Every structure is written in C-alpha cells, then in structure tokens.
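Student: structure for this input, please:
(one chain, ligands or ions: 1)
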Amino acid sequence: MRVLAFTIDLDRDCNTAVRGETAAASRSCGVTTSPCHDASSQGMEAIADMLRSMAFPATIFAEGDSLRKLCDPSVLRGLEVACHGMEHEDLTGESTGLLLGDDQLEDIISRSWGTVLSVTGEVPRGFRAPYLNIDPRVLALVKGRGFTYDSSMTEKVLDGVLKPRLLPMGMWEFPLARDTDAEGKVIDSYLWAMHEGRRPESDYMRMIDRFQEGVLVMATHSWHVLEGVQAGPKSSGQTAGELDSIARILGHAEDSGFEMLSLSAAEDLLNEGR
Ligand SMILES: [Zn+2]
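Tutor: Numbers count the residues shown, from 1 in each chain. Sure thing, here's the model as predicted:
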C-alpha cells in the first residue's frame with residue numbers, strides 16, 4: 001500500500017505544557033496565557049472547507065475541550081474524528097514533571113472518548129497523545145478504553161518504506177514519518193516548520209516523492225494557519241497562502257498515485273490483510 005493519511009490536531013492555540021500543571025496553556029510570541037481556542041476553531045473550519053472542496057479525507061485528533069468550543073461542529077461532517085486528550089494533558093509527565101496515576105489517565109482518556117462520541121455521534125477509533133508523549137502504560141490504558149489504533153510515535157522512513165505495525169497490546173500504530181531533506185537534515189511529516197516559516201512546501205513534496213510503501217501520516221494543527229508560535233497572529237493573506245500550500249502538498253500526493261485515506265480507512269485495509 002502507498003497511502004497518505006492527512007491528520008489535523010484540533011487543540012488549544014499554540015499549546016504549551018506548564019510545569020506542575022495538568023492542563024496546557026497557550027503560548028504565542030513568547031507570552032504564556034490561559035488557553036485560547038479562537039484560532040484553533042477558525043482554522044478548523046478553514047481546513048475542513050478546503051478538504052471538502054478537494055474531496056480529501058482526513059482524521060481530526062480532537063482535544064475534548066477544543067472540540068466543545070468549536071464554533072460549528074458540523075464543519076467536521078464527513079471527516080474522521082479521533083481523540084487527543086481533554087485539556088491537552090501530558091500523559092507521561094515528560095513535559096510537565098507531573099506523573100499521573102492510572103485512575104487519572106483513565107479518566108482523561110475516557111472523557112476524551114465520550115466527548116468525541118457525544119459531539120459527533122461516532123465512536124472514536126484512534127488516539128494521538130498530546131505532545132506525542134506516549135509510553136506502554138498509556139498505550140495499554142488507551143487500548144483498554146477500546147481504541148484500535150494510535151498515531152503518537154515518530155519513526156524513520158527506511159529506503160522509502162514506513163509501514164503501520166501491530167503493537168504488543170493489539171493496537172495498530174500509525175507513526176508520523178521522519179526522513180532527511182535534500183541537505184541531509186531531519187524533516188518530520190508534521191507541517192510545523194512550514195507554518196513557522198522555516199520550510200517551503202517543496203520540502204514536503206520531496207518527502208512524498210521519496211515515500212514508496214506504507215502509510216505516510218502527515219500532520220498539522222488547526223490553529224497554525226492563523227497563528228505562529230514565534231511570530232503570533234497571521235494576516236488573512238498569510239492564512240490563505242498556507243491553506244493553499246497544504247492543498248498543493250496533498251494534491252501532489254494524489255497526483256503521484258497515493259491513495260488518500262483517513263486513518264480508520266487505512267486500518268480497515270490492514271485488517272482485511274492488505
Ligand atoms: Zn496537540
């Protein structure tokens with residue numbers, strides 16, 4: 001299989017972990033504030049409109065709090081909605097220094113699951129840990145809640161190949177991809193560097209060209225087309241330009257023969273033995 005799965009993390013604007021706090025804050029232009037959701041919500045609507053206009057599938061990893069604050073949840077119609085915690089909690093304690101107990105983790109995972117179910121009417125199948133902080137204990141609890149796949153790890157593309165794999169606890173892992181660019185530097189399939197003005201879209205098209213087999217999971221954040229972590233709010237022209245860049249990257253994959261799928265559709269193919 002040669003699949004591209006586009007994913008969008010719907011979470012608080014420019015989220016950042018706070019030492020000693022479970023919930024994440026927002027941080028833009030070096031200033032930390034209480035959580036903001038405006039850019040996340042507006043960006044989600046804009047990206048969903050773009051995806052619908054091009055008939056591209058996608059998987060939204062929604063933080064429960066941001067999902068509830070979405071201006072119009074109907075914008076997600078037709079897109080897969082999966083889970084990304086409730087308040088962008090650091091589930092392993094790596095970023096906050098807070099080690100949560102199993103009961104606390106189960107509560108967060110369960111409320112995240114229930115929020116997606118109540119907002120969308122669909123049982124979520126997938127999970128992505130906030131900050132991509134995941135470990136075997138968290139994975140076991142995610143599996144225990146009934147999730148069938150995770151997409152929190154980042155793994156190298158080797159000779160053009162990166163395949164999903166079955167984890168020991170029986171869940172599929174769809175890792176984000178790590179490759180090298182034309183100068184031999186590390187490039188991840190998160191579009192973060194493009195939205196921060198540090199990489200052109202052509203770097204990601206090259207990554208697509210080099211990918212030959214497996215599932216290439218690309219990712220962005222809904223707020224990132226409206227706000228940068230370093231530079232702050234973007235102009236409407238910048239936002240339109242970045243939406244166009246995402247559309248051209250996805251269009252490049254489709255033109256290159258990739259099958260464009262949501263992660264749950266890719267999982268269905270794996271379970272059928274493809
Ligand atoms: Zn996130």
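Student: show me the contacts for the residue of the stretch 51-200 of the chain found nearest the ion.
Tutor: For the stretch 51-200 of the chain and the ion, the shortest gap (C-beta to the ion) falls at residue 130, measuring 4.7 Å. Using the backbone N, CA and C atoms, a C-beta is placed for each residue, glycine as well. The contact partners of residue 130, taken as C-beta atoms under 8 Å, 6 or more residues apart in numbering, are 11, 15, 24, 63, 84, 85, 88, 89, 90, 91.
Student: got it, and residue 109?
Tutor: Shown in contact with residue 109 (C-beta under 8 Å, 6+ apart): 83, 85, 127, 141, 142, 145.
Student: grab the nearest non-local neighbour of it.
Tutor: With sequence-adjacent residues excluded and distances taken as C-beta to C-beta, 6 or more residues apart in numbering, residue 109 is closest to residue 145, at 5.0 Å.
Student: pretty sure the one you found contacts residue 106?
Tutor: Yes: in this structure residue 145 lies within contact range of residue 106 using C-beta atoms under 8 Å: 7.5 Å.
Student: what ranges do the strands span in the stretch 1-150 of the chain?
Tutor: 2-10, 15-16, 25-28, 31-33, 59-62, 80-83, 126-127, 149-150 (DSSP state E, counting those that start in this stretch).
Student: residue numbers of the stretch 101-250 of the chain in contact with the ion?
Tutor: Within reach of the ion by C-beta under 5 Å from the ion, the stretch 101-250 of the chain has these residues: residue 130.
Student: all helices of the chain, in order?
Tutor: Under the criterion DSSP state H, the chain carries helices at the ranges 38-54, 64-68, 102-120, 136-144, 192-195, 201-210, 236-255, 263-271.
Student: how about the second one: buried residues?
Tutor: Neighbour-count burial for helix 64-68 flags 64, 65, 66, 67 (criterion: 16 or more other C-beta atoms under 10 Å).
Student: and what of the fourth one?
Tutor: By neighbour count, and taking 16+ other C-beta under 10 Å as the criterion, the buried residues in helix 136-144 are 138, 139, 140, 141, 142, 143.
Student: list the contacts of residue 167.
Tutor: Contact analysis of residue 167 by C-beta under 8 Å, 6+ apart lists 139, 150, 173.
Student: now the contacts of residue 130 in CSV, with distance to residue 206?
Tutor: Putting the contacts of residue 130 into CSV (distance: C-beta to C-beta, whole Å) gives the following:
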residue, distance to residue 206
11, 28
15, 29
24, 32
63, 31
84, 28
85, 32
88, 31
89, 35
90, 33
91, 33
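Student: what's the first-to-last distance across stretch 195-214?
Tutor: End-to-end distance for stretch 195-214, by C-alpha to C-alpha, to the nearest Å: 26 Å.
Student: ugh, wrong one, I meant stretch 92-109
Tutor: In stretch 92-109, first residue to last residue: 13 Å (C-alpha to C-alpha).
Student: what's the spacing between residue 35 and the ion?
Tutor: Here residue 35 is placed at a distance of 12 Å from the ion (C-beta to the ion, to the nearest Å).
Student: spatially nearest residue to residue 161 (excluding sequence neighbours)?
Tutor: That would be residue 213: by C-beta to C-beta, 6+ apart, it lies 4.6 Å from residue 161.
Student: residues touching the one you found, list them.
Tutor: Contacts for residue 213 (C-beta under 8 Å, 6+ apart) come out as 1, 2, 160, 161, 162, 163.
Student: and the contacts of residue 167 as CSV, adding pLDDT?
Tutor: Below are these laid out as CSV (pLDDT from 0 to 100):
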residue, pLDDT
139, 98
150, 98
173, 98
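Student: show me what residue of the stretch 1-150 of the chain gets nearest to the ion.
Tutor: Counting by C-beta to the ion, the stretch 1-150 of the chain gets nearest the ion through residue 11, at 3.9 Å.
Student: wait, what's in contact with that residue?
Tutor: 24, 40, 61, 62, 63, 66, 84, 88, 130, 221, 222, 223.
Student: what pLDDT does it get?
Tutor: Note on residue 11: pLDDT of 96.
Student: specify the beta-bridge partners of the closest residue to residue 215 other than its chain neighbours.
Tutor: Nearest-residue entry for residue 215: residue 3, 4.5 Å, with adjacent residues in sequence omitted and distances by C-beta to C-beta, 6+ apart. On the basis of DSSP bridges, residue 3 is bridged to residue 215, residue 259.
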